[in-house]
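1. only geometry, no sequence info:
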């Protein structure tokens with residue numbers, strides 16, 4: 001069986017400062033994975049480096065047994081909400097239609113069947129009735145659900161979500177995690193940069209604990225052991241017996 005993601009000896013730096021150092025791990029297919037760690041740990045940087053959205057100093061990355069460029073059509077990415085221009089004049093339906101573009105081919109416009117599929121994806125996340133709204137008119141949770149619908153529209157095998165649960169309502173969070181669990185049942189692989197340690201055990205199959213270097217990757221309970229967590233959260237306020245919300249960058 002081909003592994004979903006393989007990362008070997010990855011180094012990433014910003015302006016001479018090491019952001020990710022010598023990180024290696026393998027993620028099996030069909031798992032829901034959480035990336036956790038303190039502020040400035042390099043979690044989003046790691047995700048962007050895997051996706052080739054930022055340059056790597058060195059390292060080897062494979063997704064579904066291929067290099068990232070060859071595998072790109074099989075990958076969906078939901079960035080942090082804070083990085084998106086919500087004033088851009090685009091409707092909810094058009095955002096989701098963008099997810100169908102990889103299957104269209106160059107210079108081709110979405111057809112009736114693509115619009116029908118986009119509407120199905122919106123229905124899946126409970127946002128079909130908002131299809132004609134400008135994306136900036138929605139609440140944070142609604143926006144996140146629309147971008148998940150865009151990812152669903154891609155029919156990708158591997159999904160990357162960067163902080164999808166930050167600043168959203170309970171209903172949206174429940175909708176998103178339910179869909180991610182359904183994707184897992186379909187054999188798809190999802191990697192999530194996550195901040196709320198209190199929900200890590202119920203949300204994920206495995207955790208990747210990062211603080212520039214890989215502290216530990218494995219079963220949730222083994223990663224959340226206080227002796228392991230303190231290696232990443234040293235000098236940070238963390239209650240190991242009752243993990244609280246720890247925000248990340």
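-> Received it, and whenever you're ready, just let me know what you need. Everything numeric here is computed off the predicted structure, so don't read it as measured data.
2. residue ranges for the helices of this protein, please.
-> 43-50, 68-71, 92-97, 112-124, 140-153, 170-185, 200-203, 220-223, 226-232 (DSSP state H).
3. other SSEs contacting the third one?
-> Yep, that's helix 92-97 we're talking about. The elements that helix 92-97 packs onto, with contact taken as 3 or more C-beta pairs under 8 Å, 6 or more residues apart in numbering; DSSP states H and E, are helix 112-124, helix 140-153. Where C-beta positions appear, they are placed from N, C-alpha and C, glycine not excepted.
4. can I get the helices of the chain in TSV with distance to residue 159, mean pLDDT and mean neighbour count?
-> Shown next, in TSV, are the helices of the chain (distance: least, C-beta to C-beta, whole Å; pLDDT from 0 to 100; neighbours: other C-beta atoms under 10 Å):
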stretch	distance to residue 159	mean pLDDT	mean neighbour count
helix 43-50	11	96	24
helix 68-71	13	93	14
helix 92-97	15	94	23
helix 112-124	13	92	17
helix 140-153	6	95	24
helix 170-185	7	96	16
helix 200-203	14	95	15
helix 220-223	19	96	15
helix 226-232	24	93	16
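5. wait, which of those is closest to residue 131?
-> Of all the helices of the chain, helix 92-97 sits nearest to residue 131, with 4.2 Å by C-beta to C-beta.
6. List just the one of the helices and strands packed on helix 92-97 that sits closest to residue 4.
-> Residue 4 sits nearest to helix 140-153 of all the helices and strands packed on helix 92-97, at 15.4 Å, using C-beta to C-beta.
7. Okay, angle between the closest one and helix 170-185 too, please.
-> Angle between the axes of helix 140-153 and helix 170-185 is 20 degrees (criterion: axes from the mean of the first three to the mean of the last three C-alpha atoms, to 10 degrees).
8. roughly how far is helix 140-153 from the heart of the chain?
-> Relative to the centre of its chain, helix 140-153 is centred 12 Å away, using C-alpha atoms, centre = their mean, to the nearest Å.
9. before we move on, back to that, switch the helices and strands packed on helix 92-97 over to TSV; also include distance to residue 226.
-> As requested, the helices and strands packed on helix 92-97 are exported to TSV (distance: least, C-beta to C-beta, whole Å):
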stretch	distance to residue 226
helix 112-124	39
helix 140-153	31
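10. just so I know, which of these lies nearest residue 92?
-> Of the helices and strands packed on helix 92-97, nearest to residue 92 by C-beta to C-beta is helix 140-153, at 5.3 Å.
11. What are the contacting residues of that closest one?
-> 76-79, 81, 84, 86, 92, 95-100, 117-118, 121-122, 124-127, 130, 135, 138, 159, 161, 164-165, 167-169, 171-173, 175-176, 179 (C-beta atoms under 8 Å, 6 or more residues apart in numbering).
12. try stretch 124-132
-> 91-93, 119, 122, 138, 142, 145-146, 148-149, 152, 175-176, 179.
13. out of those residues, which one sits closest to residue 209?
-> Set against residue 209, the nearest of those by C-beta to C-beta is residue 176 (22.2 Å).
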